[in-house]
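A.B. asks: coords below, sequence missing:
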């Protein structure tokens, strides 16, 4: 069963069957109990009326006097039967309704005793009978024991019970159908955003749209945001590959043209060798930069585990202390919320390595790294990394320039000016933020915000 809608409707239908089945059984039990009580009360009333209308005769028997209180007692086969007999079983009176009906009221009972029981006529008709014993004083000091019996046909009560059951089952069936129809309509309305997302994903696959539309319920907002982030990351990745190839081809045109001119020119061998070496170094720099850009993942892939930042910082700190062993270097690491990075480990390693290397290069003796978490208004997790040093800092006029490829704040320091440019590229690929300010330590403060978990 692959449909959530069908699965839910089937589950609810089964629950309704169980619930309504129990309800019908309980109501049927209650109705049968009430019907039986009503039947017994009717028999009690008829028996009391029969006893009240009876008087002893000259032969020492007890007989009803006058017309019967219930007209059916005077109609043969009416379904209501009565009888008076002695304790020994001698019938002294029975109603005209018993004519042509073979009815057996069973054995007698002691005076004061009562007995309700189901009995069956010769033709198979079921009746409910009430038998009661009574000691009747015929003359002063003389009494005889009699057994009064009255029975009624159960067919009308069975028909009433059957009608109640049919009606109850009909109403419950209609109620179940209405509930399922209402639930189906409700599910169609509730799952409409999911179907809309499904349609939009199909449109994305056909190239008819670039991202999922907003305006979804809160429960789906995170899914839509993450899918859009993934789609944007894949789009940037493809665009970056294309741009890298174009940039590489364009950047190599000038060095190649210079080398061709040099080789065909009349320059001295030493000059020619120097020019060729310069252009080869330049081409090597261009290729390295473009390869590094192409190697950046630029987004979190599906199924990719979150990257812990602490181990990378510890590894980089140990390596940089060896590189800058001539400095009395202190590198502090503070992970305030144990935040993790949602992306490629290589990208994070490249970014942290360039930031820390730049800070260690320019600091006097102290570098501080602070890692913390944040949450955007749409509920997405972010990780904030701040790298500070106690060096001379970066002038406000140079903060934008040093992010360009090949730019350096101090031309006398060794390097190619690619470190912060790579940091900027990686931050842009992850749709992050990069900010350069003055640090409380006295040097530069570089803050990076990236996707987190």
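C.D. replies: Now that the structure is in, tell me what you want to look at. The shown structure was predicted, so the numbers you read here are calculated from the model rather than taken from an experiment.
A.B. asks: name the residues of stretch 157-176 that are buried.
C.D. replies: Across stretch 157-176, burial judged by 16 or more other Cβ atoms under 10 Å covers 157, 161, 168, 172, 176. Quick note: C-beta positions are derived from backbone N, CA and C, even for glycine.
A.B. asks: I meant stretch 193-205, not that one.
C.D. replies: Going by neighbour count (16+ other Cβ under 10 Å), the buried part of stretch 193-205 is 194, 197, 200.
A.B. asks: now do stretch 182-194
C.D. replies: Within stretch 182-194, the residues that count as buried by 16+ other Cβ under 10 Å are 183, 187, 194.
A.B. asks: what does that stretch contact?
C.D. replies: Contact partners of stretch 182-194, identified using Cβ atoms under 8 Å, 6 or more residues apart in numbering, comprise 4-5, 8-9, 12, 216-217, 220.
A.B. asks: where exactly do the strands run in this structure?
C.D. replies: 54-56, 62-64, 80-86, 91-94, 114-120, 126-139, 142-153, 307-308, 330-335, 340-341, 366-375, 381-389, 433-438, 444-451 (DSSP state E).
A.B. asks: redo those strands as CSV? Include mean pLDDT and distance to residue 398.
C.D. replies: Listed next are the strands of the chain as CSV, based on pLDDT from 0 to 100; distance: least, Cβ to Cβ, whole Å:
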stretch, mean pLDDT, distance to residue 398
strand 54-56, 88, 126
strand 62-64, 87, 126
strand 80-86, 91, 115
strand 91-94, 90, 125
strand 114-120, 90, 107
strand 126-139, 89, 108
strand 142-153, 91, 111
strand 307-308, 88, 31
strand 330-335, 88, 24
strand 340-341, 88, 28
strand 366-375, 89, 20
strand 381-389, 91, 15
strand 433-438, 91, 9
strand 444-451, 92, 10
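A.B. asks: mean neighbour count added to those strands, as a markdown table?
C.D. replies: What follows is the strands of the chain, written out as a markdown table (neighbours: other Cβ atoms under 10 Å):
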| stretch | mean neighbour count |
| --- | --- |
| strand 54-56 | 16 |
| strand 62-64 | 17 |
| strand 80-86 | 22 |
| strand 91-94 | 16 |
| strand 114-120 | 14 |
| strand 126-139 | 17 |
| strand 142-153 | 21 |
| strand 307-308 | 18 |
| strand 330-335 | 15 |
| strand 340-341 | 23 |
| strand 366-375 | 18 |
| strand 381-389 | 22 |
| strand 433-438 | 15 |
| strand 444-451 | 21 |
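A.B. asks: tabulate the ones you listed (CSV), appending distance to residue 261.
C.D. replies: Formatted as CSV, those follow (distance: least, Cβ to Cβ, whole Å):
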stretch, distance to residue 261
strand 54-56, 143
strand 62-64, 143
strand 80-86, 130
strand 91-94, 140
strand 114-120, 122
strand 126-139, 121
strand 142-153, 125
strand 307-308, 48
strand 330-335, 48
strand 340-341, 47
strand 366-375, 46
strand 381-389, 44
strand 433-438, 39
strand 444-451, 41
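A.B. asks: what's around residue 42, how many residues?
C.D. replies: 17 (other Cβ atoms under 10 Å).
A.B. asks: excluding covalently adjacent residues, which one is nearest to it?
C.D. replies: Once flanking residues are discounted, residue 42 sits nearest to residue 152: 6.9 Å by Cβ to Cβ, 6 or more residues apart in numbering.
A.B. asks: mind checking how far residue 401 is from residue 377?
C.D. replies: Noted for residue 401: a distance of 32 Å to residue 377, by Cβ to Cβ, to the nearest Å.
A.B. asks: next one: residue 400
C.D. replies: When distance is defined by Cβ to Cβ, residue 400 is 28 Å away from residue 377.
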